[in-house]
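Undergrad: quick one, structure for this:
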Amino acid sequence: MEITLEQLNEKIDNLSRLTLISSKTVLDFEETILFTGLSKGHLYRLTSNRQIPYFKKNRKLYFKKSELEEWMLERRIPTEEEIQSQATTYLATHKI
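TA: Below you'll find the model as predicted:
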């Protein structure tokens, strides 16, 4: 698989932007797409439906990186080990 010069330049640009994003606390719309991996349309849908925390100033959307991290991690799925531990604890405390 050959990579074109244009694709290579795009990848270098994305890496540069990701490096910049790591030092910022507030991200613009395009930076948020890179940070989250969401598509442009999906991110617009999430903001439109107020399903993701964001700020709006002068018709531009901004996102607090720490709030994005919390939002991305809000629905943790427990491991099998954690479920087994909870089941064991439940059975030990509720004599069935």
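Undergrad: by residue count, which helix of this protein is the longest?
TA: helix 5-22 (DSSP state H).
Undergrad: quick one, strands of the protein?
TA: Counting by DSSP state E, the chain has strands at residues 26-28, 55-57, 60-64.
Undergrad: elements contacting the first one?
TA: Looking back up the chat, that one is strand 26-28. With contacts taken as 3 or more C-beta pairs under 8 Å, 6 or more residues apart in numbering; DSSP states H and E, strand 26-28 sits against strand 60-64, helix 65-72. Every C-beta, even on glycine, is put in place using the N, C-alpha and C of the backbone.
Undergrad: mind checking how far the closest residue to residue 31 other than its chain neighbours is from residue 76?
TA: Distance criterion C-beta to C-beta, 6 or more residues apart in numbering; nearest residue to residue 31, sequence neighbours excluded, is residue 21 at 5.3 Å. Distance from residue 21 to residue 76, counting by C-beta to C-beta, to the nearest Å: 24 Å.
Undergrad: ok, the residue most central in space within the chain to residue 56 distance?
TA: The chain has residue 36 as the residue nearest its centroid, 3.7 Å off, counting by C-alpha atoms, centre = their mean. As judged by C-beta to C-beta, residue 36 and residue 56 stand 18 Å apart.
Undergrad: next one: residue 42
TA: In terms of C-beta to C-beta, residue 42 sits 18 Å off from residue 56.
Undergrad: please identify which of the two sits among more neighbours.
TA: Taking other C-beta atoms under 10 Å, residue 42 and residue 56 do not tie; residue 42 has more neighbours (13 against 9).
Undergrad: local confidence estimate at that one?
TA: On pLDDT, residue 42 comes in at 98.
Undergrad: go on, residue 96?
TA: 63.
Undergrad: low-confidence ranges, this protein, go.
TA: By pLDDT under 70, the low-scoring segments of the chain are 96.
Undergrad: let's see it at 90
TA: 1-3, 10-11, 13-20, 22, 92, 94-96 (pLDDT under 90).
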